[in-house]
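> below are the sequence and a predicted model for it; my questions follow.
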Amino acid sequence: MALLEVSGVSKRFGGVQAVDGVGFRVEQGMVKAVIGPNGAGKTTLFNLVSGFFAPDRGEIRFAGDPIQGRRPYQVAQKGISRTFQNIKLFSGMTALENVMVGRHLRSRSGFVSGMLRLPWTRREEAEVREKSRELMAFLGVEQLADAEATSLAYGQQRAVELARALCSDPRMVLLDEPAAGLNMRETAELAKLILRIRDRGITVLLVEHDMSLVMGISDEVAVLSYGQKIADSDPRSVQRDPQVVKVYLGEEEC
Amino acid sequence: MRSVRLRQVAVFLVLAGALQLGAIAVGKPFWQTQLTMSAYYALVAVGLSLLMGYAGQISLGHAGFFAVGGYGSALLTTWDLSAHKAAGVLQALQAMGAVVARPDPFGGTVLTVHPWPAAVVAVLLAMAAAWLVGIPVLKLSGHYLAMATLGVGTIIAAIAVGTQALGAADGISGVPPLPLLLGVGVGGATSQRVANYWVAIGLLAVCMILLLNLVDSRVGRALRAIHGAEDAADAMGVDTARYKLHTFVVSAGLAALAGVFLTHFNGGIGPSEASIMKSVKYVAMVAVGGMGSLWGTLGVSLLLNFLSLRGYFGTLDDAVFGAILIGIMLFSPDGIMSPDLRRILVAGWRRLRPAPASVEKGASEEGR
């Protein structure tokens, strides 16, 4: 059984069929990429999986359970964490505090215990803090812990956001265009990082523009065009697929 | 972290003591009455600060929740149940001490609910009302939420002024003191003015500790996350609707608690406490104190309420609050505790008093 199984999912916005009957599978422990030209429906697909939109039709199963139409926090509870294309860090909070919010699902102190600051909540706070620092170190940004998150450089914000997404010990992480705005050297580092995330046992599903990143690290690549899936295979076969070449390079030129 | 909070509260208690001694030293011991009332109003503002500054939700209905607490307490502790003396339920409650017989001001005896169970019921009632109202209303945000909570406040104010059982325009008076330890009670007796001041300050200090703990906990972090980027908080597993609702209920509960205590202190409550203008003032105090700055809100609301209660603003009371709100929004939208305002004040001070030439030279070189 695949960890994530998307079948026949469609989503329409007014007159635009953003996603049209798309299905794919992500096996446990793999890196899978969804690529496609601008407006192909990649981000919509992501928002459907992570619960930000409910599909009009189709089914999304995670670890066997249907999750379509669940609220984002419920999807997160199932073990799917995500980052955003246009980085969404919590303003007015330090980088460390941002990452600590990522641990929300793995801690349980509530209103009453928080107000009374019971001994177990203090222990829990210390654990959350320690785990968050560990993940910031994993991403090489531990020295930025006390900086205001939204004041950091772009690449650093990306790293903090990724640390936040990983802090809940998810089974799968969705990365929405993680290489956007990075230069070639940073993209190469990101590629290594994604493999290290996979090596921690976390399944990775990413949406990406940058071919060099996708082809180097993905076990499987699905290609979207105008809301439909036109290819889904290992990177080599996808690169040779005439339909994919047509979509990416245009018919006449090749 | 913990020690910082306790130190802040200790400083607050010392300042509160200095304030009291100051009032007595300048020969105005009656100021303590207004300071006590200000402390209870400050509790409403501090609770609203949690909602506005941390959960990022506005409420223009907090005077309503204050009134639910105050009126609930007042009604239960003044409603003479003597006529139903024979009822089994009442006898059972009397045996438990929840209903007590006490002398009334006219020499007779009345049978009323004891102030403590009445207080608990009143606060729970306000929290239940906030819960019921909050479920649909908190789906809104921004202007729409402001309008909806304004509607809630209007309804409660209309009920207060239009219900005969609640005394209509006169309100309810003759509310007995809320008994505490050692013969002290929350009430208007002049002999207990000093004790009552410390009861109010103590309640405020305890609530401050609880709120400061809360904002520095997992829940506080989640609330700030909702404020910072709601959909990202959602994606991190924060049930944003539930957290907003719980914060609204806690905030309404604090307003009702303040209503209960102040009603006992004043010996009654009137419909003006539920008015929309009161709600607007609470919002103004939070805005001036700084969204999310609990201490700023506390200080500002103590000061403004005191000045207002002493009548320093005269008939222009509401206008003064309006002017303060305009001023703070124009010059320091983050409140008086914001670093921006400090910078402006420091800059203004420098301009008024030209610095020595050498310092100025150093500063300009630094600027290059």
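Now that the structure is in, tell me what you want to look at.

> contacting residues for residue 129?
No chain specified, so I'll use chain A. A:96, A:100 (CB atoms under 8 Å, 6 or more residues apart in numbering or on different chains). For every residue, glycine as well, the C-beta is placed using N, CA and C.

> that answer is for a different chain, and I need it for chain B
B:65, B:68, B:252.

> next one: it from B:A118, what distance?
If you measure B:A129 against B:A118 using CB to CB, to the nearest Å, the figure is 16 Å.

> nearest to chain A among the contacts of B:A129?
B:A252 (13.3 Å; CB to the nearest CB).

> can you give me the end-to-end span of stretch A:112-121?
End-to-end span of stretch A:112-121 (CA to CA, to the nearest Å): 10 Å.

> do it and chain B meet?
Yes - counting by CB under 8 Å from any CB of the partner chain, chain B is contacted by stretch A:112-121 at A:113-117, A:121.

> can you put the residues you listed in TSV and add distance to A:H209 and secondary structure?
Below are the residues of stretch A:112-121 next to chain B laid out as TSV (distance: CB to CB, whole Å; DSSP: H, G, I helix; E, B strand; the rest coil):
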residue	distance to A:H209	secondary structure
A:S113	45	helix
A:G114	42	helix
A:M115	47	helix
A:L116	49	helix
A:R117	47	coil
A:T121	43	helix
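
> could you redo the residues you listed as a markdown table and give each row pLDDT, neighbour count and distance to A:Q143?
Formatted as a markdown table, the residues of stretch A:112-121 next to chain B follow (pLDDT from 0 to 100; neighbours: other CB atoms under 10 Å in any protein chain shown; distance: CB to CB, whole Å):
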| residue | pLDDT | neighbour count | distance to A:Q143 |
| --- | --- | --- | --- |
| A:S113 | 93 | 20 | 32 |
| A:G114 | 91 | 22 | 29 |
| A:M115 | 92 | 22 | 33 |
| A:L116 | 91 | 15 | 34 |
| A:R117 | 91 | 20 | 29 |
| A:T121 | 93 | 22 | 28 |
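
> of all those, which comes closest to B:L166?
Using CB to CB, A:M115 comes nearest to B:L166 of those, at 32.0 Å.

> what parts of chain B come near chain A?
B:2, B:210-211, B:213-214, B:217-222, B:224-225, B:227-229, B:231-240, B:246, B:250, B:292.

> please check these and keep the buried ones.
B:210-211, B:213-214, B:217-222, B:224-225, B:227-229, B:232-240, B:246, B:250, B:292 (16 or more other CB atoms under 10 Å in any protein chain shown).

> narrow these to those in helices?
Using DSSP state H, B:210-211, B:213-214, B:218-222, B:224-225, B:227-228, B:232-235, B:240, B:246, B:250 are the members of those that sit in helices.

> all the strands of chain A, residue numbers only.
Using DSSP state E, the strands of chain A run over residues A:4-13, A:16-26, A:31-35, A:57-62, A:65-66, A:80-82, A:172-176, A:203-208, A:220-225, A:228-233.

> any idea which of those strands is most buried?
strand A:80-82 (a mean of 27; mean count of other CB atoms under 10 Å in any protein chain shown).

> could you list the low-pLDDT ranges of the chain?
No chain was given, so I picked chain A. A:250-254 (pLDDT under 70).

> please refer instead to chain B.
B:1-2, B:337-342, B:353-368.

> strands of that one, start to end?
Going by DSSP E, chain B shows strands at B:99-103, B:109-113, B:172-173, B:178-179, B:185-186, B:268-269.

> mind giving me JSON lines with these and columns for mean neighbour count and distance to B:R343?
Shown next, in JSON lines, are the strands of chain B (neighbours: other CB atoms under 10 Å in any protein chain shown; distance: least, CB to CB, whole Å):
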{"stretch": "strand B:99-103", "mean neighbour count": "14", "distance to B:R343": "58"}
{"stretch": "strand B:109-113", "mean neighbour count": "18", "distance to B:R343": "54"}
{"stretch": "strand B:172-173", "mean neighbour count": "18", "distance to B:R343": "49"}
{"stretch": "strand B:178-179", "mean neighbour count": "18", "distance to B:R343": "45"}
{"stretch": "strand B:185-186", "mean neighbour count": "24", "distance to B:R343": "43"}
{"stretch": "strand B:268-269", "mean neighbour count": "24", "distance to B:R343": "43"}
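
> would you reformat the ones you listed as TSV and include distance to B:M285?
Shown next, in TSV, are the strands of chain B (distance: least, CB to CB, whole Å):
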stretch	distance to B:M285
strand B:99-103	36
strand B:109-113	32
strand B:172-173	26
strand B:178-179	25
strand B:185-186	23
strand B:268-269	20
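
> quick check: beta-bridge partners of the residue nearest to A:S237 when sequence neighbours are not counted?
Spatial nearest neighbour of A:S237, excluding adjacent residues (CB to CB, 6 or more residues apart in numbering or on different chains): A:A231 at 7.9 Å. A:A231 has these beta-bridge partners by DSSP bridges: A:V223.

> can you tell me how far the residue of the stretch 251-368 of chain B found nearest chain A is from B:G237?
Closest to chain A within the stretch 251-368 of chain B is B:G292: 7.9 Å, counting by CB to the nearest CB. Per CB to CB, B:G292 is found 23 Å from B:G237.

> of the contacts of B:A129 - the most surrounded one?
Among those, B:F65 has the most neighbours (other CB atoms under 10 Å in any protein chain shown), with 36 neighbours.

> looks like that one contacts B:A252 (just checking).
Yes - when contacts are counted by CB atoms under 8 Å, B:F65 is listed as touching B:A252 (4.0 Å).

> okay, and the common contacts of these two?
By CB under 8 Å, 6+ apart, the residues touching both B:F65 and B:A252 are B:126, B:129-130.

> which one of those residues is nearest to A:T44?
B:A130 (37.4 Å).

> let me see the contact set for the spatially closest residue to that closest one that is not a sequence neighbour.
In this structure, B:A130 finds its nearest non-sequential neighbour in B:A252, 3.4 Å apart by CB to CB, 6+ apart. For B:A252, the contact set (CB under 8 Å, 6+ apart) comprises B:47, B:59, B:62, B:65, B:126-127, B:129-130.

> with A:R25 instead?
A:2, A:4-6.

> how close does B:S308 sit to B:P29?
Taking CB to CB, one finds B:S308 at 20 Å from B:P29.
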